[in-house]
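**Student:** Kindly generate the corresponding structure for this input.
(one chain, ligands or ions: 2)
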Amino acid sequence: MLPFSAPDQALAPIRRICCVGAGYVGGPTCTVIALNCPSIIVTIVDVNPDRIAAWNSPPDEEGNLSNLPVYEPGLAEVVKQCRGRNLFFSTDIDAAIEQADLVFVSVNTPTKKSGMGAGFAADLHYVEASTRRIAAVSTSSKIIVEKSTVPCRTAASMRTILESNSRPGLRFDILSNPEFLAEGTAISDLQNPDRVLIGSLDTSAGRIAAARLASVYEHWVPQYRIYTTGLWSSELSKLAANALLAQRISSVNAMAAICEATGADVNEVAHACGLDARIGPKFLRASVGFGGSCFQKDILNLVYLSESLNLPQVAEYWKQVITMNEWSKTRFSNKVVSTLFNTITEKRIAVLGFAFKKNTGDTRESAAITLCRNFRQERAKVVIYDPKVPQSQIYLDLTEPGVVDDREAVRQQVTIACSALEACAGAEAVVIATEWDEFKHLDWRKAYQIMSKPAFVFDGRGIVDAKALRAIGFKVHSVGKGPEIVDPIWS
Ligand SMILES: NC(=O)C1=CN([C@@H]2O[C@H](COP(=O)(O)OP(=O)(O)OC[C@H]3O[C@@H](n4cnc5c(N)ncnc54)[C@H](O)[C@@H]3O)[C@@H](O)[C@H]2O)C=CC1
Ligand SMILES: O=C(O)[C@H]1O[C@H](OP(=O)(O)OP(=O)(O)OC[C@H]2O[C@@H](n3ccc(=O)[nH]c3=O)[C@H](O)[C@@H]2O)[C@H](O)[C@@H](O)[C@@H]1O
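**Tutor:** Ligands and ions are numbered 1, 2, ... in the order given. Presented below is the predicted three-dimensional model:
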């Protein structure tokens, strides 16, 4: 990567930053900026007063900020250090925008639910509303930074909106600065990013704006990790990176199906492949299927973009990553049903983990939601335990939005346990849906004692020691591992 070279002229320093959107990205990202740049005043704003109140919530009896709206290891400590010093959370959006030299737009860009492009295109309503607000209230020129993940050329729409609606004489330089943090490791990803990507117009003003944003990151990120590109490349790189990451998981999950049918072990296959420096070892863990708010949404967005560009083969190629993911989830729940003698009706199924991955309380697109819905359709009694997801969120996720109000039916069929062992009590099967460390270290002997027999474990994350569990008496299915095949030639 070429080191970022700043323009020769002296750059006006950034003194005040406003971040519009206090969610999973805006909150942690701008908190880390505040931590590393004590000379910059950072104000994070949101239209949701409950979210802002939670960011401002007081410490609990032990002095910990346990009620922040986002759970991330290390986040509470950083908020505690900076809040009230140079970090503020507010609902006064207009004031924060007006005072800022630089505004991050970090609002949600979900998949459109209706209208043109429904089910594929990104809903840019929130980005447009924020941009219009910036235009309406600004009394000084600013740098506007797209932090949200957006389709290619969104910056051009933002520019048109700003130029048509702002006071005369003001100038807005628009940059793309996509975020690559992963939930659960957000603070370390932000403190030590693989790269910071900044896209700008290839004009002198564009390059100066990029250099001013880079100077913020340079407080803690080495220059060689700051990569500047054109605006459209930067926007597309974010969609491309997520598509490539998700594609790796779908590829390894496709291999997992072959492993299960042949007796090969997906961990060994992934390790053997990952030793090739061109492939690399990371992000090759077979699973019940990927979740999270972005992989599916961003690939759908790429599919829509490809179709709009009249590239149906490209669209079909990326769509297959999602098709494989959906199939992986269904394949896993079908395995549970077929192993439990083809019926789980009235059987108690303990689902361990509901978040889309460990170390987060986020459940968006979590594979556990699909599994639990499938188990409900089979009329099982589902007992769920997750260390970080609140009961209300689990019920919300399992309720089907639609004409029929099924809240009562869900509550009759699904209960929430306070511990993993409580979930296991009386269960016919344990399904590991999220790779929380505590499930690795569960007292599996105790779990076996309190379960119905035969006691089954379905490990959708490949985290338990299947041999040790079999020695206890469990019947174990691990994703990507076939049954112990006894080959007559060798026995
Ligand atoms: N969640 C993640 O790990 C990552 C998300 N992204 C992208 O970042 C963007 C934000 O994602 P999240 O933070 O997860 O979303 P989120 O839903 O957690 O947060 C977005 C926030 O923006 C607020 N908002 C919406 N319109 C607003 C407006 N006009 N004025 C003020 N506030 C407004 C919402 O109330 C909400 O609190 C998305 O484009 C996403 O694709 C990128 C990298 C990682
Ligand atoms: O744009 C985004 O939102 C972010 O999406 C992902 O981050 P995130 O979804 O938070 O978490 P990941 O660690 O990528 O995991 C996504 C899903 O894939 C699953 N996964 C991950 C890795 C793996 O090897 N196998 C696997 O099944 C996880 O369990 C999880 O369900 C990307 O990793 C981030 O770089 C990106 O910024």
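**Student:** residue contacts, the residue in the stretch 1-150 of the chain positioned nearest to ligand 2?
**Tutor:** Minimum separation of the stretch 1-150 of the chain from ligand 2 (CB to the nearest ligand atom) falls at residue 149, amounting to 5.8 Å. (Each C-beta comes from the backbone N, C-alpha and C, glycine too.) Contact analysis of residue 149 by CB atoms under 8 Å, 6 or more residues apart in numbering lists 109, 122, 178-179, 238-239, 242, 294, 297-298, 301.
**Student:** overlap between these and the residues near ligand 1?
**Tutor:** Counting by CB under 6 Å from any ligand atom, 109, 179, 294 from the contacts of residue 149 sit close to ligand 1.
**Student:** Among these, which one lies nearest to residue 305?
**Tutor:** If you rank these by distance to residue 305 using CB to CB, residue 109 comes first, at 13.2 Å.
**Student:** Just confirm that closest one contacts residue 125, I think it does.
**Tutor:** No - look at residue 109 against residue 125 with CB atoms under 8 Å: they stay out of range, at 9.1 Å.
**Student:** the more surrounded of those two?
**Tutor:** Applying other CB atoms under 10 Å to residue 109 and residue 125 shows that residue 109 carries more neighbours, namely 25 against 13.
**Student:** Kindly indicate which of the ones next to ligand 1 among the contacts of residue 149 lies nearest residue 447.
**Tutor:** Nearest to residue 447 among the ones next to ligand 1 among the contacts of residue 149, with distances taken as CB to CB, is residue 294, at 33.8 Å.
**Student:** Phi first, then psi, for that closest one.
**Tutor:** With angles defined as degrees, to the nearest 10, residue 294 sits at phi -110, psi -40.
**Student:** How about it, nearest residue that isn't a chain neighbour?
**Tutor:** Counting by CB to CB, 6 or more residues apart in numbering, the nearest residue to residue 294 once its immediate chain neighbours are dropped is residue 242, at 5.8 Å.
**Student:** from the ones next to ligand 1 among the contacts of residue 149, which are also near ligand 2?
**Tutor:** Among the ones next to ligand 1 among the contacts of residue 149, the ones lying near ligand 2 by CB under 6 Å from any ligand atom are 179, 294.
**Student:** Counting by contacts, list what the least confident helix or strand in the chain by mean pLDDT packs against.
**Tutor:** Here the helix or strand of the chain ranked lowest by mean pLDDT, DSSP states H and E is helix 407-413, holding a mean of 91. Packing contacts for helix 407-413, counted by 3 or more CB pairs under 8 Å, 6 or more residues apart in numbering; DSSP states H and E, involve helix 391-398.
**Student:** Give me the contact list for the helix it packs on.
**Tutor:** Residues outside helix 391-398 that contact it (CB under 8 Å, 6+ apart) are 354, 361, 363, 366, 369, 372-373, 376, 384, 386, 407, 410-411, 414, 416.
**Student:** buried residues in the strand or helix carrying residue 319?
**Tutor:** For residue 319, the host element (DSSP states H and E) is helix 312-339. Under the neighbour-count criterion of 16 or more other CB atoms under 10 Å, helix 312-339 has 315, 318-319, 321-322, 324-325, 328-329, 331-333, 335-337 buried.
**Student:** Give me the average confidence score over that helix.
**Tutor:** Taken as a whole, helix 312-339 carries a mean pLDDT of 98.
**Student:** quick revisit: now for residue 109 and residue 125: what residues contact both?
**Tutor:** Counting by CB under 8 Å, 6+ apart, residue 109 and residue 125 have no shared contacts at all.
**Student:** near ligand 2, which residues of the stretch 51-200 of the chain?
**Tutor:** Residues of the stretch 51-200 of the chain lying near ligand 2 by CB under 6 Å from any ligand atom: 149, 179-183.
**Student:** Out of these, flag the one nearest to residue 17.
**Tutor:** Distance to residue 17, by CB to CB, is smallest for residue 179 among these, at 14.6 Å.
**Student:** and that closest one, how far is that from residue 75?
**Tutor:** 15 Å (CB to CB, to the nearest Å).
**Student:** hmm, back to that, does the residue of the stretch 1-150 of the chain closest to ligand 2 belong to a helix, a strand or coil?
**Tutor:** coil (DSSP: H, G, I helix; E, B strand; the rest coil).
**Student:** With residue 104 instead?
**Tutor:** Going by three-state DSSP: residue 104 is strand.
**Student:** One more: residue 17?
**Tutor:** Residue 17 ends up strand, using three-state DSSP.
**Student:** again, but for residue 282
**Tutor:** coil.
**Student:** quick one: pLDDT of residue 155?
**Tutor:** Reading off the model, residue 155 has pLDDT 97.
**Student:** Repeat that for the one 4 residues further on.
**Tutor:** Note for residue 159: predicted pLDDT of 96.
**Student:** State the distance from it to ligand 2.
**Tutor:** 24 Å (CB to the nearest ligand atom, to the nearest Å).
**Student:** tell me the contacts of that residue?
**Tutor:** Neighbouring residues of residue 159 by CB under 8 Å, 6+ apart: 172, 174.
**Student:** Next one: it from residue 381, what distance?
**Tutor:** Note on residue 159: its distance to residue 381, by CB to CB, is 55 Å.
**Student:** neighbours of residue 241, just the number please.
**Tutor:** Neighbours of residue 241 under the rule other CB under 10 Å: 17.
**Student:** three-state assignment of the nearest residue to it once chain neighbours are set aside?
**Tutor:** Leaving aside its sequence neighbours, residue 241 sits nearest to residue 180 (CB to CB, 6+ apart; 6.6 Å). Of the three states, residue 180 takes coil under three-state DSSP.
**Student:** just checking, residue 180 touches residue 186?
**Tutor:** No - shown here, residue 180 and residue 186 do not form a contact pair, counting by CB under 8 Å, at 10.4 Å.
**Student:** In terms of neighbours, single out the busier of these two.
**Tutor:** residue 186 (25 against 16).
**Student:** Name all residues that make contact with the more buried one.
**Tutor:** Residue 186 neighbours (CB under 8 Å, 6+ apart): 24, 28, 72, 75.
**Student:** Could you dump these into CSV and include pLDDT and secondary structure?
**Tutor:** Listed next are the contacts of residue 186 as CSV, based on pLDDT from 0 to 100; DSSP: H, G, I helix; E, B strand; the rest coil:
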residue, pLDDT, secondary structure
24, 96, coil
28, 98, helix
72, 95, coil
75, 98, helix
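**Student:** any residue of the one helix or strand residue 132 maps to up close to ligand 1?
**Tutor:** Take DSSP H and E as the rule and residue 132 turns out to sit in helix 125-137. Yes - Helix 125-137 lies within reach of ligand 1 by CB under 6 Å from any ligand atom, at 126, 129-130.
**Student:** May I ask which of these has the most neighbours?
**Tutor:** For the residues of helix 125-137 next to ligand 1, the largest number of neighbours (other CB under 10 Å) sits with residue 130, at 25 neighbours.
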